[in-house]
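Asker: Need a 3D model of the following:
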Amino acid sequence: MAIQALGAPKTHRLDPLSALSQVWRAAELGRADSAVLPTGHAALDAQLPGGGWPLGAMVELLQPRPGAHEWELLLPALARLARAQRGVIVLVGAPHLPFGPALAARGLPPERLLLVEAAAGAARLWACEQALRCADAAAVLAWLPQARSDALRRLHRAAQAGTGLFFVLRPAAVRHESSAAPLRLLLGGTDALTIEIVKRRGPPLPAPLALSAQPAPLIALLAASRAGRRASAPASSAPASSAPPASSALPSTLPAAPGRVPAGAFFEPGTDHALDRVAAAA
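Answerer: Modelled structure (predicted):
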């Protein structure tokens, strides 16, 4: 029989799960296992464990087609990483050659990129693993359309041995396959970049996230152009057919109305995507 002195404070039982950082409740957003890097998209950070891209872990990006949306999504974080530390950003098996001026306009110097050409299969997996084990690699982006689950587990373990960013880009058709990645995102959208969180430590996201696909300089440029046109527009008494002065007209390379920057803006001319000079100019 337990005897408790009168007036002694009552003891409270602690939840043993609350002291374990590796345990999370399904109704809550889990903690990050390691440090994170902000994605550059506030709405996305609010939905990710730790509030950003996990360092030393594999993040899987599923695409409707190769080369779709990855630069719009990843450029803010990669530019921040390039400013904060030395090292190269390794692209393994990139389907298109990046367009340097467009990346530089968004803060990512093209000389920080290292392109590794390797055929899909064992050669590309080997190159990816070597890049992850390289101390000079700040981030690795690998296009692995045919990777099996056991190969992905091996790459995830290699990423855990370091502290860099690691993104694996695969087709959207594999979204129902198992993966060792603690975070899986499905990229989509046309007029805006949409993100569906396929896997995370937390409850399912009820609806996809819509992110801005325009860089801030381009948004400011379009807004200034529209303001200039309104300021120089003819008075209401002028004939309807009167045109605004040529000095206020938008250049032929700019869209007349705000629209998303095509994914091809970040790829070298001559690939399957058209070059949008607006992104480079902005």
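
Asker: looking at this structure, which helix or strand is least sure?
Answerer: Ranked by mean pLDDT, DSSP states H and E, the weakest helix or strand in the chain is helix 277-281, scoring a mean of 37.

Asker: For the stretch 101-250 of the chain, just list every one of the helices.
Answerer: Ranges of helices within the stretch 101-250 of the chain are 122-132, 149-160, 216-231, based on DSSP state H, counting those that start in this stretch.

Asker: Would you enumerate the residues in contact with Val140?
Answerer: Neighbouring residues of Val140 by C-beta atoms under 8 Å, 6 or more residues apart in numbering: Ile89, Val90, Val92, Cys128, Ala131, Leu132, Ala159, Gly164, Leu165, Phe166, Phe167. Where C-beta positions appear, they are placed from N, C-alpha and C, glycine not excepted.

Asker: out of the helices of the stretch 101-250 of the chain, deepest packed?
Answerer: Highest mean neighbour count of the helices of the stretch 101-250 of the chain: helix 122-132, a mean of 19 (counted as mean count of other C-beta atoms under 10 Å).

Asker: Where does pLDDT dip in the stretch 51-200 of the chain?
Answerer: By pLDDT under 70, the weakly predicted segments of the stretch 51-200 of the chain are 191.

Asker: just the strands in the chain please.
Answerer: Taking DSSP state E to define them, one finds strands in the chain at 36-37, 53-54, 57-63, 88-92, 113-116, 137-143, 165-171, 183-188, 193-199, 209-211.

Asker: Show me what the second one packs onto, helices and strands only.
Answerer: The helices and strands touching strand 53-54, judged by 3 or more C-beta pairs under 8 Å, 6 or more residues apart in numbering; DSSP states H and E, are strand 36-37.

Asker: List the pairing partners of the strand it packs on within its sheet, with orientation.
Answerer: In the sheet, strand 36-37 lines up against strand 53-54 (antiparallel) (DSSP bridges).
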